[in-house]
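Student: Requesting a structural model of the entry that follows:
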Amino acid sequence: QQSGRKYNLFLKRRLRIDKRHQSKDSIFFRDGVRRIDFVLSYVDDLNKEWEKKLERRKEFESNLQKAGLELETEDKKESEDGKIFFVKIHAPWEVLITYAEVLNIKVPIKENDIPSTVENPLDCVLFPLRLPENVMHPEPDYFTAPFSKDKQELYLINDESTFFSPSMRNRIVNYILTRCPYGTEEGKKKFGIKRLLNNGTYTAAYPLHDCQYWKKASDPNCDSERYTLYMEWARFLRFYKEQPLDLIRKYYGEKIGIYFAWLGFYTEMLFLAAVVGLICFLYGLFTMDENMSSKEICDPAIGGEIIMCPLCDKECEYWRLNTTCESSQYSHLFDNVATLFFAIFMGIWVTLFLEFWKRRQARLKYEWDLVDFEEEQQQLQLRPEYEAKCTQKKRNPITQEMEPYLPLTSQAVRFCVSGATVLFWVSLIIASMVAVIVYRLAVYAAFASLMENTQTLQPISGLLTPQLATSVTASCLNFVIIMILNFFYERIAIWITDMEIPRTHMEYENRLTMKMFLFQFVNYYSSCFYVAFFKGKFVGYPGAYTYMFNRWRNEECDPAGCLIELTTQLTIVMAGKQIWGNIQEAIVPWICNWWGRRKARNNPENLYSRWEQDHDLQIFGALGLFYEYLEMVIQFGFITLFVASFPLAPLLALMNNILEIRVDSWKLTTQYRRPVAAKAHSIGVWQEILNGMAILSVVTNAFIVAFTSDMIPRLVYYYAYSENKDSPMSGYINNSLSVFLISDFPERNEPKENPENFVICRYRDYRYPPDHERKYLHSMQFWHILAAKLAFIIIMEHVVFIVKFFVAWMIPDVPADVKARIKREKYLTQKILHEYELEKLKERLCQGDKRATEKEFIATEGRMELSRAM
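Tutor: Residues are numbered from 1 along each chain as shown. Sure thing, here's the model as predicted:
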C-alpha cells in the first residue's frame, strides 16, 4: 500500500513536470512573453470566512483587470505543497505608460553628452577596490524627462518590454494594488492589497527576483541582476570592494540605494576616526608605565600605606589603596591627555562627516535623476489607510478637490493617547534604570564580602575589584532589560502611530521615527548617562553619606576615577547590541528559510517555481529600512556622545559596519523577497537626528572630560598645588584623598570590625581634615577644580562649535561641478522638449490628431475608475 502511494505521488509529480515546460527560473507567463510583475498568493481554506474571502478576491481581481492588468492563476495542484494558489500579474504597455505619467517617472530622451569629471589620480592605487565597469554602471547615462503619453516619440523606446525596468514596473503595479477597490463592507468602501493581506484574503503580495542568487537564469531575456549582486556585492569575501550603487538602485529602487550609499560613506569616514582613536589608545598603552598616579597607587610605600574608608556600611572593611593597582593602570589607557584631543577631534569629525555626506547625497541626486523629484509624487500622497478611515471630507484649497480629513477633536484625542503611551514607556525605562542602580547598590556589599573571604578569587582580586564586578554584572543586566523593553516597544510604537492615522507616508515615517528614536535614545543611553554624570557625584562623605530612598548608600567611583566604568558600560552595551543585531539580521532569517524550504530540497527543478521560491523567503516589510537606519543611528550615538571615554569605539563600529554592509546585502539578496521599489532623494528625518546628536555630542564629551575623567583635577594640581618641580605629579594621589577620623563614624556607617585599630581612613574628595576649623567642609582646592571644570566646558564647547560652524560654512552642500551639470542638463532637456513640441505642432497642422488605441482607452478608463473609487 505504501509503495502504491509513492507511485501515485510520482505520477502526480511527473504529470506536473510535463505540464510545466518552463524553467523554474522563469519570470514570464506561460506564453513566455509577458513578464510577471507581481505575484499574489492565497490558501483556499474552508472556514467561516471562506465565502467572504472568495467574494473579495473575485471583486478585487475583476477590478485589477478593469484597470488594465493581466492575470494568470496557478492552481494549488501546481504548487509544491498542493495548498497555495498563485495569481501572476502582468502590466501591459498601455498600463505602464498611463501610470508612469501619474507617478511622474523620468525616462531617457537622449544619451548624456556632458563629459565625465576628471579622473581621480589615485585610481591606479584604488584599482584593487574597484568593481568591473559593467557592474558599477549597468546602464548608459541619459538626459531624462518625466514620461508623457502624448510624447512617446520623444523617448528612447527601443523595446517596449524592456523600456521600463523591473523595479519601475513593480512600483507601478504596487501603486494600483494599494488603491484597487474590492467592495463595500459595513457601508464603507474597502480597497487596497494591504487590507486584504491583513484580513487573510491573500497570504502574500510581492514582485519576483529575476533568478536564483547562486547561478544565472537559463532564460536569455533575463538580466540575472540578482546573481551579479550576490557575486560582486553580497559575499563577505568582497568586503574590501566598493558597492555597485547604480545596480542596487536599478534592482531595488532609490530608497534602498540611498541607504547603502549612506552606510558605505559612514563606514569610509569611520576609517579616519578609527585610526585616530587607535593612536590615542596606543598612546595610553605606551605611557601606562610612566603614569605617576598608578605608580603611587601601586607603590607599597604609598598606596600600600593609605587606608581607605569602607565602601559600604557595616559589612565592608577598611582596605588599602594598592588593591586597586591593576584597575588604576588600565584606567590610564582611556583617561589621559589624548582623551581631550580625541574628544575635540570627534567634534570636528562629526561635522566633516555630515557636510561631506550632503555633498555625496547631492551627487547621487543628480546621477539618479532625483534633482526635480517632488516629494508629493511619492511621499505626500495620501495613505490608503487615511482615506479609508477618514469618512469626512473637505475641499483642498490648492487643488479645489474634495479630500478626506480627520477632525481636530479626533486628532487631539489620538495625540493625547499617543503622548501618554510614549511617556509611560519612557518612564518604564527610567524605572528599570533606577532598578539597575538599586541592584548595583544592593549587591556591592555582597561582592566586597565575597571577594574578601573567598580564597579562589584572590589571584584576580587585584583586577576584578568589587566596583568592577558590580559594574560588569549591572551592565549585562541592563543590556538584557534593554533588549526586552525594545522588543515590546517596537510593537507599541507601530500600534500608536497607526492609531494616529498620519495623513501621508512621510508623516507616518517621521512620527514613527521620532517615537522609536526617543525610546531607543533613553533605553540605550540612560545607563551610560548615569555612570558618566551621576555615579560618584552625590556620595557625601564618611559620617554623612547620601542614600537612595533613605536605604541604599550611593555608589563611589574607583580611586582611579569613574571613566573606566563608563568604558566598561559602553563596551558591553555597544558590543552586545552589535552582536545581537547581526544574529537577528542574518542567522534568524536563514534558519526560517531553511525550515521553510526543507520539504522542497529534493524536488525536481521544473517543479519548484520562481514564485514558489520567493514565496518561501522572508518578508522585507515597509519598515525594513527603518530598523537598519535606527540601528546605525544608535551606533552613531555611541561613537559620538561618549567617545571621550572609549577611543576604540569608532574601531569597533568600523569592524561592525564592514560586516553590516555584507550582512545587509546578503540577507536582502538571498533571504528576503524582493522589496517593492520606492523613490527617496535623501535619508529623510534621520539627517536632522544626526545633526542633533552631533551638537549634543560636543556637550556630553566636554562634561565627560571635565567631570568623569581625572584630567582637570590633575591639571589643577600640576599648575597650582604641586610642590615638586622635578616630578610635578608626584603626591597627586595623597592630595586627592581627604582624611576622616574613624571615631567620627556614626553607628549606621561604622564597620563591624577594625582588627588593626586604624585611627584614620581616606576617601576621594577635597575636604578639610578633622583637625581644621572647617572640619569636613569642601576645601578651596575643590572650588578651584570646580571653576576649572566649568571654564574648560565653556572653552571647549565654544572652540569646537566655532570650528564646526566654520567648517560647515566652508564646505558647500552641492559640489560646483554637480551644480554646473544640473544646469547644463536642464538647459539641454528643455531645448530637446521645445524642439519636439515644434515638430509635433507642424505634424498636427498637416495631419491632425491620431485616435487612441482600444488598450489605451481601457487603461485610461481603469485609471479614472480607480480615481473615482478613491
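Student: make it CA atoms for all contacts and neighbour counts henceforth
Tutor: Fine.
Student: ok, which stretches of the stretch 751-870 of the chain are helices?
Tutor: 780-810, 816-847, 854-869 (DSSP state H, counting those that start in this stretch).
Student: Can you list the low-confidence ranges for the stretch 51-200 of the chain?
Tutor: Applying pLDDT under 70 to the stretch 51-200 of the chain picks out residues 116-124, 185-188.
Student: again, 90 this time
Tutor: Counting by pLDDT under 90, the stretch 51-200 of the chain shows low-confidence ranges at 51-56, 74-84, 101-162, 178-192, 194-200.
Student: Need phi/psi at the closest residue to residue 82 other than its chain neighbours.
Tutor: In space, and not counting its chain neighbours, residue 82 is closest to residue 76: 5.0 Å by C-alpha to C-alpha, 6 or more residues apart in numbering. Per-residue torsions, residue 76: phi -60, psi -20 (degrees, to the nearest 10).
Student: Which strands and helices lie in contact with the lengthiest helix in the chain?
Tutor: Looking across the chain with DSSP state H, the single longest helix is helix 408-453. When contacts are defined as 3 or more C-alpha pairs under 8 Å, 6 or more residues apart in numbering; DSSP states H and E, helix 408-453 packs onto helix 466-500, helix 505-533, strand 552-553.
Student: for these, which one sits closest to residue 432?
Tutor: Proximity to residue 432, assessed across these by C-alpha to C-alpha, is greatest for helix 466-500 (7.5 Å).
Student: Now that closest one: buried residues?
Tutor: By neighbour count on 16 or more other C-alpha atoms under 10 Å, the buried set for helix 466-500 is 466-475, 478-479, 481-483, 485-486, 489-490, 492-494, 496-497, 500.
Student: just to revisit the earlier point, how about the helices and strands packed on helix 408-453 in a markdown table, adding distance to residue 403 and mean pLDDT?
Tutor: Converted to a markdown table, the helices and strands packed on helix 408-453 look like this (distance: least, C-alpha to C-alpha, whole Å; pLDDT from 0 to 100):
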| stretch | distance to residue 403 | mean pLDDT |
| --- | --- | --- |
| helix 466-500 | 18 | 82 |
| helix 505-533 | 16 | 85 |
| strand 552-553 | 60 | 80 |
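Student: And these: which comes nearest residue 336?
Tutor: When the helices and strands packed on helix 408-453 are compared by C-alpha to C-alpha, helix 505-533 sits nearest residue 336, at 16.3 Å.
Student: Which other helices and strands does that closest one contact?
Tutor: Counting contacts by 3+ C-alpha pairs under 8 Å, 6+ apart, helix 505-533 packs against helix 408-453, helix 466-500, helix 563-582, helix 624-641, helix 685-703.
Student: part of a strand, is residue 595?
Tutor: No - read with DSSP: H, G, I helix; E, B strand; the rest coil, residue 595 is helix and lies in no strand.
Student: And for it, the neighbour number?
Tutor: Using other C-alpha atoms under 10 Å, residue 595 is surrounded by 11 other residues.
Student: How about residue 526?
Tutor: 17.
Student: if I look at the closest residue to residue 784 other than its chain neighbours, how far off is residue 228?
Tutor: Nearest non-adjacent residue to residue 784, counting by C-alpha to C-alpha, 6+ apart: residue 716, 7.7 Å away. For residue 716, the distance to residue 228 equals 62 Å [C-alpha to C-alpha, to the nearest Å].
Student: in the stretch 351-500 of the chain, what spans have low per-residue confidence?
Tutor: Across the stretch 351-500 of the chain, the ranges flagged by pLDDT under 90 are 366-500.
Student: name the helices or strands packed onto the helix or strand hosting the residue nearest to residue 784?
Tutor: According to DSSP states H and E, residue 716 maps onto helix 711-716. Under the contact criterion of 3+ C-alpha pairs under 8 Å, 6+ apart, helix 711-716 touches helix 780-810.
Student: What residues sit buried inside the helix it packs on?
Tutor: By neighbour count on 16+ other C-alpha under 10 Å, the buried set for helix 780-810 is 781-782, 785-786, 788-789, 792-793, 796-797, 800-801, 803-804, 808.
Student: which of the residues in the helix holding residue 716 are buried?
Tutor: For helix 711-716, by 16+ other C-alpha under 10 Å, it's 711, 712, 713, 714, 716.
Student: tell me the mean pLDDT for whatever helix or strand comes next after that helix?
Tutor: Counting by DSSP H and E, the element after helix 711-716 in chain order, helix or strand, is helix 732-736. Taken as a whole, helix 732-736 carries a mean pLDDT of 90.
Student: residues in contact with helix 732-736?
Tutor: Contacts to helix 732-736, defined as C-alpha atoms under 8 Å, 6 or more residues apart in numbering, come from residues 293, 296, 297, 714, 717, 722, 764, 765, 766.
Student: what's the answer for stretch 816-832, then?
Tutor: 114, 117, 143, 144, 145, 362, 363, 366, 371.
Student: My reading is that the fifth one lies in a helix. Confirm?
Tutor: No - secondary structure assignment (three-state DSSP) places residue 145 in strand, not in a helix.
Student: Once you drop chain neighbours, what's closest to it?
Tutor: Distances taken as C-alpha to C-alpha, 6+ apart place residue 106 nearest to residue 145, at 5.0 Å, with adjacent residues excluded.
Student: what's across from the one you found in the sheet?
Tutor: For residue 106, the beta-bridge partners are residue 146 (DSSP bridges).
Student: Return the distance of the longest helix of the chain from the chain's centre.
Tutor: 24 Å (C-alpha atoms, centre = their mean, to the nearest Å).
Student: How about stretch 743-762?
Tutor: On the basis of C-alpha atoms, centre = their mean, stretch 743-762 sits 53 Å off its chain's mean C-alpha point.
Student: Buried ones in that stretch, by neighbour count?
Tutor: Residues of stretch 743-762 classed as buried by neighbour count (16+ other C-alpha under 10 Å): 749, 750, 751, 760, 761, 762.
Student: what comes into contact with that stretch?
Tutor: Against stretch 743-762 from outside (C-alpha under 8 Å, 6+ apart): 306-310, 312-318, 542-543, 737-742.
Student: In strands, which of those residues fall?
Tutor: Members of these lying in strands (criterion: DSSP state E): 307, 308, 737, 738, 739, 740, 741.
Student: ok, the fourth one touching residue 777?
Tutor: Right, the one you point to is residue 738. No - look at residue 738 against residue 777 with C-alpha atoms under 8 Å: they stay out of range, at 10.5 Å.
Student: The two - which one has more neighbours?
Tutor: residue 738 (21 against 15).
Student: for residue 548, phi and psi?
Tutor: Residue torsions, per degrees, to the nearest 10, at residue 548 are phi -90, psi 130.
Student: Contact partners for residue 625?
Tutor: Residue 625 is in contact with 256, 259, counting by C-alpha under 8 Å, 6+ apart.
Student: can you rerun that using 10 Å?
Tutor: Counting by C-alpha atoms under 10 Å, 6 or more residues apart in numbering, residue 625 touches 255, 256, 259, 631.
Student: now do residue 649
Tutor: Neighbouring residues of residue 649 by C-alpha under 10 Å, 6+ apart: 273-274, 277-278, 567, 570-571, 574-575, 635-636, 638-640, 642-643.
Student: Out of those, which comes closest to residue 351?
Tutor: Among these, and counting by C-alpha to C-alpha, the member closest to residue 351 is residue 640, at 11.2 Å.
Student: ok, that closest one touching residue 648?
Tutor: No - judged on C-alpha atoms under 10 Å, residue 640 makes no contact with residue 648 at a distance of 11.6 Å.
Student: Make JSON lines from the helices and strands packed on helix 505-533 and add distance to residue 236 to it.
Tutor: Output for these, formatted as JSON lines (distance: least, C-alpha to C-alpha, whole Å):
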{"stretch": "helix 408-453", "distance to residue 236": "37"}
{"stretch": "helix 466-500", "distance to residue 236": "27"}
{"stretch": "helix 563-582", "distance to residue 236": "13"}
{"stretch": "helix 624-641", "distance to residue 236": "18"}
{"stretch": "helix 685-703", "distance to residue 236": "27"}
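Student: returning to what we had before: out of the buried residues of stretch 743-762, list just those in strands.
Tutor: 760, 761, 762.
Student: and after the stretch of helix or strand residue 169 belongs to, which helix or strand comes next?
Tutor: If you go by DSSP H and E, residue 169 is part of helix 166-177. Next in sequence after helix 166-177, counting helices and strands by DSSP H and E, comes strand 181-185.
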